[in-house]
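Asks: A predicted structure for the sequence below; I have some questions about it.
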Amino acid sequence: MSRPFLFSLAALAAVGATPVRAQQSVNPIHPVFAPLDENGQKVRTSADVSPNKTCGACHDAGYIANHSGHATGKAKATCVECHVDSGRLEVRPEWLDVEGRLRRESIRIGASRAANCGACHGLVSDGRLPVLLPPDFEGSSKVPGRTWNLTQAEGAVIAPQRMADSFLNLEGKAALVTPWDIHAAKLVDCTACHYAANNPARTDSKHSALRYLTADPRRQSNAEFLVRPDHKLAALECRGCHDALKGHRFLPYRERHMTVISCETCHIPGPMAPAVEMVDGTIAILDGGPLVRYRNVERRPGEALNSATIVPLRPLLAERVEHDGLKRLCPVNPVARFRWVSGADRTEVPQELVARAFLDADGAYSVAVLERFDENHDGRLDEKELRLDSPSKVDFVARRLTALGVAQPTIEGVLEAIPLAHGVLARERALRDCTGCHAAFSRISSGYAIAAYLPGGTPPRPKEDSRVELAGVLAPTSDGGLALQRDPAATPLGLHVLGHTRQGFTNALGFALFASVLLGVAAHAVIRVVLRKRFRHARATASGKKEYVFGSYERLWHWTMALSGVVLILTGLEIHNASGFVDLPKSVSLHNVFAVILMVNAFLALFYHLTTRAIRTFLPEPHGFLARVLAHLAYQTQGIFFGGPHPGNAPGHKLNPLQQVTYLVLLNVLFPLQIVTGALVWAVGNWPDVAAAVGGLAYLAPLHNLGSWLFLSFFVLHVYLVTTGRTPTEHLESMVTGYQSVEP
């Protein structure tokens, strides 16, 4: 390979490693202005410019600073970083006119672009160059205010480029033919969701506490807005632009899903950029920064992050209070941050001081640090050595910090659950596997690794002002780490998730009944076969006389009911237990369709039996009822085994007394129970407000599930009893042909 080619490749990588800046064009509208210093005097060099004084000549800089989240705490962004090309206000003498004002062709100011936001928040690219992690992605950033938090905390990259075209080593890269961010691919910029709250072009929000107002037409003029823009930026959620109900017609019970699940749960299923697991600021790596561990990076010692294999992040599902006040399940990345704090006020010790405690003037680990931490005496510190995993190491570092002027240094850990809100994937990569939540061991109740180790044995405490609730218990692991443990039988928000939430008592009771019926039928069949083989001469035979007992409609009604019942039982068990045998949405659709068929068939059958007075078939004849019951019981327990005569039915009745009692219970108790509970389960899924009125799925689903087990038990018993006629196929033939053998 030629040397010029290598130089070209290196130059391309270096350029690609730098985040792409917004290329603002010359602004033809913005007035020309003079750059000013802190004293309000005109300046001719960039170093002397004061953004507050310069922009404050026209805009109310004080108001903006007091109404901005970018001017408080560690964030010190000014107007220049967000609104000027490259985040710097360039001033050169040749760019100034005779009055000290910037010439029109030098003014590149406008609305914030994604690249302006990405200069501090994360990896942003316009897609012209392959996505590549920049050199300062890890370690201590040399650029004030840069955090890479959007990428490192959420695993998000804002770029229209296909993931397969990036320079990152992504798992299954060849198949990743969708963009990193679908909004970036559709030319939707950051300001589409994060905009000034009082922007007259964007706001219809209420300006008073009147409850009967849903919107307020009063708004600032453009002139007032430009003087005093409110920089407490809005955080528009997905529902601000998308109608989820219209976009998810394939999804069963859309209303219920949208009420309890955030859009990001399915549309950000597994980010592909490196996402942080823990940040250990109690030690310092060779560049002086904290040690950063990633969740989804398979990395060999010393390997560059751009070369390491990046696998999809599996986020944790947790409860979050969203802007509409509802709690929903949303994907989060729990990041554990450990640091040294000092004094009674627990002020954070700057990382620069921590670095001085570990490194010498040449940027190498000091001799004392190597003696304490280098366990294998190879003159280097690997990741397992460079951690405060013993009291002696903690005391050693604390003494060195004290010598540097830190008062009472102690270790503090904070756990921040960061919601995934950026890097929305294309529709075809959205999560469509329902078993991700609805299976027995799904991600809504599975445990989650929090930290690989605990510096100083200090567990991180959840952040107090977080809107995210981690449903579970933080427990130490066997290797010294920390994990979130959840009860597999419980779900966040107290939700009853079909297929995941176990039915408990009703499942056990229903299965016990089903098993009892199955065993009873099997034992009865075995005894029947064995004894009737021994007493062949006594076997009863059907007479040759046939009588038409079941009309065409009765047979159609019966087989429609049988088919509907079988499909409902099978799909119902799949929905309630999520075995994966049938796709869950298909099971729900089939279940609902055949539920409607069954109910319509039942209504028509009831109408037919009432109008034709055929209902008398199901009503026992009072005269001699007990004697007939005993006769049929005697036949089923004795006569059937030895080929005894089959007891007849009451005159004019097609069913024997045992069948009549069974059908009365089935049609008047179990059948209405299933219809009512099934309809309510459907109602809860389609009208979420119904859930509160009827106690929710936690009551309805187990009861409906118990009915399914009872129907399954009846089905097994019914099928077996079909074989107990004068011949094993007599009853089946009569329900097919309508004719039944009768006594001569």
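Replies: Nice, thanks for sending it over. Everything quoted here is computed from the prediction, not taken from an experiment.

Asks: Please measure how far the first residue of stretch 447-462 sits from its last one.
Replies: 17 Å (CA to CA, to the nearest Å).

Asks: which residue ranges form the helices in the stretch 101-250 of the chain?
Replies: 114-121, 149-154, 182-185, 222-227, 244-247 (DSSP state H, counting those that start in this stretch).

Asks: And those helices: which comes nearest Q485?
Replies: helix 149-154 (23.1 Å; CB to CB). C-beta coordinates here come from the backbone N, C-alpha and C atoms, glycine included.

Asks: So which bits of that closest one are buried?
Replies: 150-154 (16 or more other CB atoms under 10 Å).

Asks: One more: stretch 586-601?
Replies: By 16+ other CB under 10 Å, the buried positions in stretch 586-601 come out as 587-588, 590-592, 594-595, 597-599, 601.

Asks: Over to stretch 156-175?
Replies: Within stretch 156-175, judged by 16+ other CB under 10 Å, the buried ones are 156-163, 165-170, 173.

Asks: try stretch 499-512
Replies: Quick answer for stretch 499-512 (16+ other CB under 10 Å): 499-501, 503, 506-507, 509-510.

Asks: Could you do stretch 100-112 as well?
Replies: Residues of stretch 100-112 classed as buried: 100-102, 106-110, 112 (neighbour count, 16+ other CB under 10 Å).

Asks: quick revisit: for the buried residues of stretch 586-601, which one is nearest Q408?
Replies: The closest of these, once distances to Q408 are taken by CB to CB, is V588, at 60.1 Å.

Asks: Assumed that closest one was part of a helix.
Replies: Yes. Checked against DSSP: H, G, I helix; E, B strand; the rest coil, V588 lies within a helix.

Asks: Leaving out chain neighbours, which residue sits closest to it?
Replies: Closest residue to V588 apart from its sequence neighbours, by CB to CB, 6 or more residues apart in numbering: P252 at 4.1 Å.

Asks: Quick check: the one you found vs R328, distance?
Replies: 18 Å (CB to CB, to the nearest Å).

Asks: Likewise for Y63?
Replies: Y63 is 35 Å from R328, by CB to CB.

Asks: just V341 next, same as before
Replies: V341 is 34 Å from R328, by CB to CB.

Asks: These two: which is more packed in?
Replies: For V341 versus R328, the count of surrounding residues by other CB atoms under 10 Å is larger for R328: 22 against 15.

Asks: The more buried one: helix or strand, and which one exactly?
Replies: R328 belongs to strand 327-342 when assigned by DSSP states H and E.

Asks: May I have that strand as PDB, with CA atoms only?
Replies: The C-alpha trace of strand 327-342 is given here as PDB (Å, rounded to 0.1, in the frame of the first residue of the first chain):
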ATOM      1  CA  LYS A 327     -46.700   6.900  34.200                       C
ATOM      2  CA  ARG A 328     -45.500   4.700  31.300                       C
ATOM      3  CA  LEU A 329     -42.900   2.000  30.800                       C
ATOM      4  CA  CYS A 330     -40.000   3.500  28.900                       C
ATOM      5  CA  PRO A 331     -36.500   2.300  28.000                       C
ATOM      6  CA  VAL A 332     -33.700   3.700  30.300                       C
ATOM      7  CA  ASN A 333     -30.000   3.300  30.700                       C
ATOM      8  CA  PRO A 334     -29.000   3.300  34.300                       C
ATOM      9  CA  VAL A 335     -25.600   5.000  34.700                       C
ATOM     10  CA  ALA A 336     -23.700   4.700  38.000                       C
ATOM     11  CA  ARG A 337     -21.400   7.600  38.600                       C
ATOM     12  CA  PHE A 338     -18.800   7.400  41.400                       C
ATOM     13  CA  ARG A 339     -16.800  10.400  42.600                       C
ATOM     14  CA  TRP A 340     -14.900  11.800  45.600                       C
ATOM     15  CA  VAL A 341     -16.600  14.400  47.600                       C
ATOM     16  CA  SER A 342     -15.200  16.600  50.400                       C
END
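
Asks: List the contacts of stretch 496-503.
Replies: 434-435, 437-440, 442, 444-445, 489, 491, 495, 510, 574-578, 584, 696-698, 701-702, 705-706 (CB atoms under 8 Å, 6 or more residues apart in numbering).

Asks: what do you get if the cut-off is 6 Å, keeping everything else the same?
Replies: With contacts defined as CB atoms under 6 Å, 6 or more residues apart in numbering, stretch 496-503 is touched by 438, 442, 489, 491, 575, 578, 697-698, 701-702, 705.

Asks: so which one among the residues you listed has the lowest pLDDT?
Replies: Among the contacts of stretch 496-503, A489 carries the lowest pLDDT, at 65.
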